[in-house]
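In: Predicted model follows, preceded by the sequence.
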Amino acid sequence: MHDIKLIREAPEAFDMALARRGLAALSAELLALDAKRRAAQAARDEAQARRNALSRQVGEAKKKGESADALMAEVAQLKDRMAALESEEQESSRALDAKLAVIPNLPADDVPDGRDETQNRELRKVGAPRPQADVPGGAKEHFDLGEGLGLMDFDAAAKLSGARFVVLKGGLARLERALSAFMLDLHTQSHGYTEVYPPTLVRDEAMYGTGQLPKFADDLFRTTTGFWLIPTAEVPLTNLAAGQILDEAALPLRFTAYTPCFRSEAGAAGKDTRGMLRQHQFGKVELVSITAAEASDEEQQRMTQCAEEVLKQLGLAYRVVALCTGDMGFGARRTYDIEVWLPGQGRYREISSCSTCGEFQARRMNARYRPKDGKGTRFVHTLNGSGVATGRALIAVLETYQNGDGSVTVPEVLRPYMNGLARIEPAPRKAGKS
RNA sequence: GGAGAGGUGCCGGAGCGGUCGAUCGGGCUGGUCUCGAAAACCAGUGGACCCUCACGGGUCCCGUGAGUUCGAAUCUCACCCUCUCCGCCA
């Protein structure tokens, strides 16, 4: 949500920033609504003040035993006018909010301009990508490996739930659990995050606060009782700060959680249909930071490094890219994606996305802090990042650590979480199962 | 799901329908006292919006939304949430 006051002060700057995102200028329209709103409010305030004064006089008159009929008559006259003014104010204020609610955040100055992902800027490459030819017969993709192991079953999932779900079994189910436990331990023990077990069903307000609503309802699942299934733990974690006024001394807040994430991906039909790269349900360890305004840029660097550390310790090759203006999400002011190397696909694929939203979300959810010195309150800055998506981490581990015989070596750091297991071997074939 | 109770400021806790944004206590901040601290005492201590260069002024906010009334934190209704007991249950 944007601050209409800032737009009022610098409409050209606002429109120019929108243009960087490929959007048409909106300030003129917004400011017209704003002017209407303020005029309505001024008129209403005035009428209200008049009524308050009259009512006070009525009280005084009655106390003295005098007649208050004339005063009451004037209030009665005011009433119609007030009702009209009030609905006018509400209407213009609602109209303005509705417009503002669907305008994405503005990019930070250092965000590269660009139309789509092809214009993202690569910041660094870490680790040596394993060539496809490194595996005898060519590196396989994760679904061939998983099905070959007999531990990844898309047919069974389709029977239960349809397309874009997976059933993991045995060593692969364990691997998902190991990855999540490893990541949570790393972030809580080495990176200062507080582990959270949040609800995965939330109400409208929470989805509005982080920006999924009102614009992206189509990408979400909703229960018949009106709850939304979270598409990321960013929603519950960030909304922990909603409605709060925090002491600056308490900042930053750093939360991490492992949760399932649910996305209907309505617009993504036909993309990545094979395998478990793009699912309606996937696991993810999320990182969320709530900071003071000046601290958010540095926090974003720190958060990205926390996510990178996961991949480093897993021994996965990756690169970090700065998303261009056209590829950033709705609430983001600046985003760094981490893309992990998938030997089977022979390309880098997104596994983490670390964004700062500035005060964009805080304004929506009314999350503020009291600055150490100086008075008043300011909106906090919110940041979120994957640290990292476990489903995709599992894919990367399979493809990176595959052996020519179809088995998969377990990365060192995960072995304590796998009961010491060093290698995931094909499950014995059971008779009767095709 | 059934039956009750309740939602007020950072916290606790008051509040005959009429200067109540709200008594009081605690906390916090500043000051006095002290070598220093504690105690004591004094003072201060909400948010949002609008008008104004400013000084200052106005409106709204006592869970949320409607309503009654000249006037609502105080009355009515609906909803949300919390707590207690019972039932059910992982």
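Out: Now that the structure is in, tell me what you want to look at. Numbering: from 1, shown residues only, chains lettered A, B, ... in the order given.

In: Which of the three states applies to A:Ser264?
Out: Counting by DSSP: H, G, I helix; E, B strand; the rest coil, the backbone at A:Ser264 sits in coil.

In: no no, A:Ser92
Out: The three-state label given to A:Ser92 by three-state DSSP is helix.

In: dump the residue contacts of it.
Out: By C-beta atoms under 8 Å, 6 or more residues apart in numbering, the contact list for A:Ser92 reads A:33, A:36-37, A:40. (Each C-beta comes from the backbone N, C-alpha and C, glycine too.)

In: The longest helix anywhere in chain A - what's its average pLDDT?
Out: For chain A, the helix that runs over the most residues, judged by DSSP state H, is helix A:27-64. Summarised as a single mean, pLDDT over helix A:27-64 is 89.

In: Okay, and the beta partners of the closest residue to RNA strand B within the stretch 201-350 of chain A?
Out: Nearest to RNA strand B, among the residues of the stretch 201-350 of chain A, is A:Ile245, at 6.3 Å (C-beta to the nearest atom of the strand). For A:Ile245, the beta-bridge partners are A:Arg368 (DSSP bridges).

In: which residues sit in contact with it?
Out: Counting by C-beta under 8 Å, 6+ apart, A:Ile245 makes contact with A:368-370, A:377.

In: Would you mind checking these for buried ones?
Out: Neighbour-count burial (16 or more other C-beta atoms under 10 Å) applied to the contacts of A:Ile245 gives A:368-370.

In: pLDDT-wise, what's the bottom of those?
Out: Among the buried ones among the contacts of A:Ile245, A:Arg370 has the weakest pLDDT, 80.

In: Let me know the closest of the contacts of A:Ile245 to RNA strand B.
Out: RNA strand B has its nearest neighbour among those in A:Thr377, at 4.6 Å by C-beta to the nearest atom of the strand.

In: nearest residue to the closest one other than its sequence neighbours?
Out: Distances taken as C-beta to C-beta, 6 or more residues apart in numbering place A:Arg368 nearest to A:Thr377, at 4.2 Å, with adjacent residues excluded.

In: Check whether that neighbour really touches A:Asp247, as I assumed.
Out: No - A:Arg368 sits out of contact with A:Asp247 when judged by C-beta atoms under 8 Å, with a separation of 10.7 Å.

In: Just the buried positions in stretch A:365-374, please.
Out: For stretch A:365-374, the neighbour count (16+ other C-beta under 10 Å) marks A:365, A:367-370 as buried.

In: Whichever strand or helix holds A:Phe282 pairs with which strands?
Out: In this structure, A:Phe282 sits in strand A:281-291 according to DSSP states H and E. Applying DSSP bridges, strand A:281-291 is found paired with strand A:253-262 (antiparallel), strand A:381-389 (antiparallel).

In: ok now the following helix or strand past it, how far from the chain's centre?
Out: Of the helices and strands lying after strand A:281-291 in sequence (DSSP H and E), the nearest is helix A:296-314. With C-alpha atoms, centre = their mean, to the nearest Å as the basis, helix A:296-314 stands 17 Å off its chain's centre.

In: packing partners for helix A:296-314?
Out: Helix A:296-314 is packed against strand A:121-126, helix A:170-189, strand A:281-291, strand A:318-322, strand A:334-342, strand A:347-356, strand A:381-389, helix A:390-400, with contacts defined by 3 or more C-beta pairs under 8 Å, 6 or more residues apart in numbering; DSSP states H and E.

In: Out of the ones you listed, the one nearest A:Glu234 is which?
Out: Closest approach to A:Glu234 among the helices and strands packed on helix A:296-314 is made by strand A:381-389 (4.1 Å; C-beta to C-beta).

In: so the closest one versus strand A:318-322, what angle?
Out: 150 degrees (axes from the mean of the first three to the mean of the last three C-alpha atoms, to 10 degrees).

In: interface residues of chain A facing RNA strand B?
Out: Residues of chain A lying near RNA strand B by C-beta under 7 Å from any atom of the strand: A:4-5, A:38, A:41-42, A:44-46, A:48-49, A:51-56, A:58-59, A:62, A:68, A:72, A:75-76, A:79, A:245, A:368, A:375-377.
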